[in-house]
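In: With the input below, show me the fold.
(2 chains, ligands or ions: 2)
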Amino acid sequence: MKRHESMASGSSGLSVAVLVSTGRHSLTGRPGRADQDARAVELALNVENSHIRLFHAGEPGEECREALRGYLGMGIDSISLIEQSADADVSAALEEILRESKPGLVLTGTQAEQGEGSGLLPYMLAESLGWSLIAGLVSIESIEGNQATILQALPRGQRRRLKVRLPAIATVDESAARARQSAFGPAQRGRIDTISHDSSTDEALAGLSIKAARVRPKRLKIVKSKSARDRFKAAAAKSEGGAGQVLSEVSAQEGAEAIFKLLQDENVLSI
Amino acid sequence: MLNILIPLLLAVSLVLGAVGAFRRIAMWRRGRPSPVNIMKGLASIPRRYLVDLHHVVERDKYIAHTHVATAGGFVASMVLAIIVHGFDLASGILGWLLLAFTAIMFVGSVLVYRRRINPPARLSKGAFQRLPKSLIAFSLGMFLTTLPAVGLMPENAGSWVFALVLVVLVAWGLSELVFGMTWGGPMKHAFAGALHLGFHRRQERFGGGRSTGLKPLDLDDRTAPLGVIKPEEFTWNQRLGFDACVQCGRCEAVCPAFAAGQPLNPKKLIQDMVAGMTTGTDAKYAGSHYPGQSGEHQIGSGGVLVARKGEALVDPDTLWSCTTCRACVEECPMMIEHVDAVVDMRRHLTLEYGDTPGKGADVLDNLIATDNPGGFSPTSRMNWAADLELPLIKDRERTEVLLWLGDGVFDMRNQRTLRALIKVLRAARVDFAVLGNDERDSGDLARRLGDEATFQSLAKRNIATLAKHQFDCIVTCDPHSFHVLKNEYGDFGGHYTVYHHSGYLDRLIGADRLSFAPAMPGTVTYHDPCYLGRYNGEYEAPRAVLKALGLNVNEMVRSGYRSRCCGGGGGAPVVDVPGKQRIPDMRMDDIRETGAEIVAVGCPQCTAMLEGVVEPRPQIKDIAELVADALTDRPDPRHKADQQEPLEVIA
Ligand code: SF4
Ligand code: SF4
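Out: Ligands and ions are numbered 1, 2, ... in the order given. This is a model prediction of the structure:
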């Protein structure tokens, strides 16, 4: 791999690129910043002495701009909007931009809130750029020269400290620090710089048809209560379930069978 | 000697006073523009002073009489002194009049002096302790100086020592009362206060009017700063208003946040605004501090009033402690608008820095994404009423009453109130309908948290929705929605006839559309919600409804315009600034004092705050619930739901 020059965190500081997507509210579908990407921006803002650039590749439109303003409101001066067609595979464009801008560290959310949302983009970029990839970043502890010490999230709240060589791409975990509030003033004043770029059609996606998920109607939870205490108890009551089972020191065969049975019980597998 | 020196002193003090006046006015004018009618403003001052200001001052009889004697005596003596001594026209009645007025002023001054011997904690000390002595000096000096002029004493009586003493007294009095007035002494309240009456930012407040809606920010003007962080960003007449503060501390005495030990004192806040415009430090301030704070504070670097990082005059927690209850504004004899100042600075913190503390950021995000502060799906607004068969306004051509439900639809407690209200409306055969899922939060909370952008967005969309329907009036059981719909949507083109449910029920009772069984036994008191009472002047209707139910209201000491906030307004529960005690607990103590078993309320916030007080305590009942319980009318049989046990629904 060819080392490139800009990632050294010398006097000029570390240059951090954050790839941000447009969010979609889970209940109303309104555009806004995507939660994980906003956490990535928050992490970047907390790296001392860093030079931050935000990139978004996608179809420019009013909804897109509105969503991007959510990031500007965090106190970011400008976002580069790489123009792409609606059916484009944005990985090619992002790869090229990252190659040109030579950041030391690339941060992004784990998964987009809309569109394909496969979470594969960072892996594809890491592969084509030949940089290391860290999944589940929760905090950046220090940067020394070409090396960063970071905390990675593991299941059940565990953390692992890693030293990684830069440049690297990291996906930010949901348990990373919350993004700061987005403020109206900076959101309105911040710039969205459009960069025109060729789009390469996403052939794989073109073959698929996308439709909205069907929302299963929820049973209303009805309570007959006489006092605030009853109401509180009813609202705080946990739903049923949680018949979990811990398997330890079992053979691979037994483990696989247990998982298989669970999937059948939950109607995930129908064989 | 005196007949040369006294006119000279008068002339010098007047010139110095005039110079000071110009400088002070120039200082105020460094604020943002706010157009006023100068001639009309000046002409309105005497009447506003005698009627509107005195109406407030009068609440403290001692000070009212004292003020009339001192201020009236001074103004008359000063005018007469210029004629008598300045132009040497002592002949006839003028000299005697001057004697009489200086004597009246002297009596007033002695009363001021007595008040200052053991002053209540709310009064500032410092230069204000000197003021009664200066008043005595002037009145006494002028009285004695006038004696020879009317011939009660021979000219050149007494020794030169006596004459010197007189000159010193008069000089002392004049320096405090004439040019001290414009150079920042304690008497500046008279100069700034008089002009503030004429050029007040809310002219509608005078002559019995009311103006309580917040002023909109122009969000399209990208160059205008959002809210206020520096003293120059207030409008010039707001600055004039701050300067009028006489540090009487009436606001401090009624502020619920101050009483709860939260770091807010409205008097100190106004004095910090003055410090910001003038010296930049609170070193000279001699009143109570923000609870939990002490020591000196300077204006922050870059001339900012509020500390973001590091120290400045005002701490953000001070601003976030305010419940926007307007108790301070109601009590202020100088008609100062504390709430406007608080919200102006909150606007800056929220819109420029994104620094809304506590749960503020979540609540604002929810309001932006889901149009309600709890983050519930907007399509679940009507879940609570699934069994009520509520008529939707979109299915109707027109309706008499549009029932505005408010975000209480997501709150299990408020659902009971709403059910009660609907039962009553049906019993009175009121033709009503609801917006259903098309209703949004009114924007009240966002606006008080300083998020003017989200407020305007909600307001404009609600106005557009309302414009699609035909109705005679809006009825709501939420005083916050009531206030916003009635007083704050107008700036965006929404003009409606709005009733709080108590007002509407009062009308129904007046029109004989409801009948009640004899009152149940039990004693009741009534808690005035700030946004119904002080914001909208509605004190009578809720009491009239309770009376119609046959209930006798045991009034609390703090009731009517002096009602104490429940602690739920202005987003205070959302930002939740810690204090020594909780405001609702203090209010519950007020309620307990009356011995009432039930406290009647008229606001979902008050209900929530008061019910949050640990039992045993009086029961909390919304007026709608009390009315519904007392109904004898058989509701329309179509609506069998009305007879069911109330249900509560978790969205
Ligand atoms: S703000 Fe008004 S009420 Fe408060 S101390 Fe000043 S003059 Fe008195
Ligand atoms: S509005 Fe109420 S809480 Fe706010 S400063 Fe005035 S009295 Fe205190």
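In: helix or strand for residue B:346, which one?
Out: Here residue B:346 sits within helix B:338-348, counting by DSSP states H and E.
In: Is that helix positioned near chain A?
Out: No: against chain A, helix B:338-348 shows no contacts by CB under 8 Å from any CB of the partner chain, the least distance being 8.6 Å. Every residue, glycine included, has its C-beta placed from N, CA and C.
In: Walk me through the domains of chain A.
Out: Using automatic domain parsing, the domain ranges for chain A come out as A:14-206, A:214-235+A:247-271.
In: And the shortest one, how far out from the chain middle?
Out: Translated: domain A:214-235+A:247-271. How far domain A:214-235+A:247-271 lies from its chain's middle: 26 Å, per CA atoms, centre = their mean, to the nearest Å.
In: For the single nearest residue of the stretch 351-500 of chain B relative to ligand 2, give me its contacts.
Out: Going by CB to the nearest ligand atom, ligand 2 is nearest to residue B:448 of the stretch 351-500 of chain B, at 10.3 Å. Residues in contact with residue B:448 (CB atoms under 8 Å, 6 or more residues apart in numbering or on different chains) are B:324, B:343, B:346, B:569, B:570, B:571.
In: longest single helix anywhere in chain A?
Out: In terms of residue count, the longest helix belonging to chain A (DSSP state H) is helix A:252-265.
In: Share the number of residues neighbouring the residue of the stretch 301-450 of chain B at minimum distance from ligand 1, please.
Out: Nearest residue of the stretch 301-450 of chain B to ligand 1: residue B:332, at 3.3 Å (CB to the nearest ligand atom). Using other CB atoms under 10 Å in any protein chain shown, residue B:332 has 25 other residues around it.
In: Residue numbers of chain B in contact with ligand 2?
Out: Residues of chain B lying near ligand 2 by CB under 6 Å from any ligand atom: B:254-257, B:264, B:266, B:322-328, B:338-339.
In: Now, those residues that are in helices?
Out: Short answer: the residues of chain B next to ligand 2 in helices (DSSP H) are B:254, B:256, B:257, B:266, B:327, B:328, B:338, B:339.
In: surely residue B:149 meets residue B:86?
Out: No: contact criterion CB atoms under 8 Å: residue B:149 and residue B:86 do not qualify, at 11.8 Å.
In: of all the contacts of residue B:448, which two lie farthest apart?
Out: Across the contacts of residue B:448, the longest distance by CB to CB is 13.2 Å; it joins B:346 and B:569.
In: quick one on the thing from earlier: what's the ChimeraX syntax to select whichever of the contacts of residue B:448 are buried?
Out: Remark: buried members of these, expressed as a ChimeraX selection using 16 or more other CB atoms under 10 Å in any protein chain shown:
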select /B:324,343,346,569,570,571
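In: where in the stretch 1-150 of chain A is pLDDT low?
Out: Residues of the stretch 1-150 of chain A that meet the criterion pLDDT under 70 lie in A:1-12.
In: Check chain B too.
Out: B:1, B:90, B:155-158, B:310, B:519, B:521, B:633-651.
In: any idea where the strands of it begin and end?
Out: Using DSSP state E, the strands of chain B run over residues B:399-404, B:432-434, B:471-476, B:498-500, B:524-526, B:598-601, B:619-622, B:648-650.
In: And the contacts of stretch B:576-591?
Out: Stretch B:576-591 has contacts (CB under 8 Å, 6+ apart) with B:256-257, B:259-263, B:291, B:317, B:320-321, B:323, B:357-359, B:525, B:527, B:556-558, B:564-568, B:572, B:599, B:609-610, B:612-613, B:617-618.
In: Quick one: end-to-end length of that stretch, please.
Out: Using CA to CA, to the nearest Å, the end-to-end distance of stretch B:576-591 comes to 23 Å.
In: what distance separates it from the centre of its chain?
Out: In terms of CA atoms, centre = their mean, the centre of stretch B:576-591 is set 20 Å apart from its chain centre.
In: Check stretch B:353-362 too.
Out: Offset of stretch B:353-362 from its chain centre (CA atoms, centre = their mean): 25 Å.
In: Could you give me the buried positions within it?
Out: Those would be B:353, B:354, B:355, B:356, B:357, B:358, B:360, B:361, B:362, for stretch B:353-362 by 16+ other CB under 10 Å.
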